[in-house]
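>>> Dropping a prediction and its sequence here:
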Amino acid sequence: MYKNFIFDVYGTLVDIRTNEYEETTWSKLKDTLSFYGVEYTVSELREAYFSSCDLQMTLGKKQYAYPEVDVVEVFRHIFDNKNKKAPKSLATHIAQQFRAFSTEYLRVFDGVTDVLKELKHAGKKLYILSNAQACFTKPELAKLGLLKYFNGVVLSSDEGCAKPDATLFARLLKRYDLKRGECVYIGNDPLSDVDGARNAKIDCLWLKTSHTPFDVQPRFAPKYTVPDGNIADVPRLLLKK
């Protein structure tokens, strides 16, 4: 019987649409940075942002097969480029502003809250393991009323590596003293979630939601699949396992 239910966030629990590539997003960010004496054109700012991401990924590949970016450090670098210093608190604030500018909508998928309540009522422990940025994912989970259901959270930006790297799963298991055979991972992405869980030797339930790339197939067959993405099926499928 599974004692620990580990969830992905975006595309699994949370429905989100962002527009990081739109001109208006970068224009708002440029205007925000100007308040701190950090002057960029829109095109310069976009280039600086993605160049910093690329640099972090290149350096991360020296240690991990699947490295991750920390956007807080990206924004500190953007300040440094203009000979300005940004403490972590300020860089975090700017990253959160960027997230707000680029988010078109953010909402909980139907049935998610009921499922989390049912699992908690059944005495299960719930965890988050997601490729996500801690500076805005934790506040978003709190804002949506979800964070309170979880016994622990591990996010890729804090760890320097991302799913499907088994290292990320191993860190959650070690940090919360979990046994693989007592865990099941629930996610929507065929590669980062399904293949990642199998790489980590953890059972997986694949929810095919509106965010699932249907033209991509996992290398490993998940133990359970919910083709219509109905998260309400999770307790029915897993509580007796």
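Now that the structure is in, tell me what you want to look at. Numbers count the residues shown, from 1 in each chain.

>>> make it CA atoms for all contacts and neighbour counts henceforth
Noted.

>>> ok, and what's touching the longest helix seen in the chain?
Longest helix in the chain, counting residues (DSSP state H): helix 42-60. With contact meaning C-alpha atoms under 8 Å, 6 or more residues apart in numbering, helix 42-60 is reached by 23, 26-27, 30, 66-69, 71, 74-75, 77-78, 160-161.

>>> Helices of the chain, residue ranges please.
Using DSSP H, helices in the chain cover 23-34, 42-60, 71-80, 88-102, 112-121, 134-143, 156-159, 166-175, 196-199, 233-238.

>>> Any idea which of the ones you listed gets closest to residue 182?
For residue 182, the closest of the helices of the chain is helix 166-175, at 10.5 Å, according to C-alpha to C-alpha.

>>> Off-centre distance for that closest one?
Chain-centre distance of helix 166-175: 15 Å, with C-alpha atoms, centre = their mean, to the nearest Å.

>>> and residue 110, how many neighbours does it have?
By other C-alpha atoms under 10 Å, 14 other residues sit near residue 110.

>>> Identify the residues contacting it.
By C-alpha under 8 Å, 6+ apart, residue 110 has no neighbours at all.

>>> Same check on residue 168?
129, 156, 159, 161, 162.

>>> most surrounded residue in the residues you listed?
residue 162 (26 neighbours).

>>> so that residue makes contact with residue 129?
No - assessed by C-alpha atoms under 8 Å, residue 162 is found out of contact with residue 129, at 9.6 Å.

>>> in this structure, what spans have low per-residue confidence?
241 (pLDDT under 70).

>>> Now do the contacts for residue 157.
So residue 157 contacts 68, 69, 70, 71, 131, 132, 133, 134 (C-alpha under 8 Å, 6+ apart).

>>> what's the answer for residue 16, then?
10, 103, 104, 105, 106, 107.
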